[in-house]
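Q: Coordinates only, no sequence provided:
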């Protein structure tokens, strides 16, 4: 896998705060074969391999998201933020909306 492919896979995995399972599964898949992969109750992913010196790669794996509060008769989607959201960044942003079985289905993309 090239660096570009790796970065695309890492940055396209979705998961808002409290629902990071898809990102955890992506990381487990990428780390499989490199070392012993474990996940704790807070969805922290650990990969232990080799001996001697150790290093830590520390990063947030969740992303800013929203929950759908209502869909109006006119088809507008009303949202509530999950985590801190800078509303100035929203106009014109691409949005991925997942239904109840989003882990098993492909995501549909709309322009916001």
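A: Sure, I can see it. Small disclaimer: the values here were computed from a predicted structure and weren't measured.
Q: Next, count neighbours for residue 29.
A: 12 (other C-beta atoms under 10 Å). Using the backbone N, CA and C atoms, a C-beta is placed for each residue, glycine as well.
Q: Give me the pLDDT for it.
A: Note for residue 29: predicted pLDDT of 93.
Q: Now do the same for residue 78: helix, strand or coil?
A: Using DSSP: H, G, I helix; E, B strand; the rest coil as the criterion, the local structure at residue 78 reads strand.
Q: all strands in the protein, in order from the N-terminus.
A: In the chain, the segments counted as strands under DSSP state E are 36-39, 45-48, 65-71, 77-82, 94-97, 108-111.
Q: What residues of the longest one count as buried?
A: Going back to what we said before, that points to strand 65-71. The neighbour-count check on strand 65-71 (16 or more other C-beta atoms under 10 Å) flags 65, 66 as buried.
Q: and it, average pLDDT?
A: 87.
Q: can you check stretch 87-98 too?
A: For stretch 87-98, the mean per-residue pLDDT is 81.
Q: Pipe the strands of the chain into CSV and attach distance to residue 3 per row.
A: Shown next, in CSV, are the strands of the chain (distance: least, C-beta to C-beta, whole Å):
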stretch, distance to residue 3
strand 36-39, 21
strand 45-48, 18
strand 65-71, 27
strand 77-82, 30
strand 94-97, 24
strand 108-111, 25
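Q: how much space between the residue of the chain most remote from its centre and residue 31?
A: Distance from the C-alpha centroid of the chain peaks at residue 52, with 32.0 Å (C-alpha atoms, centre = their mean). Using C-beta to C-beta, to the nearest Å, residue 52 is found at 19 Å from residue 31.
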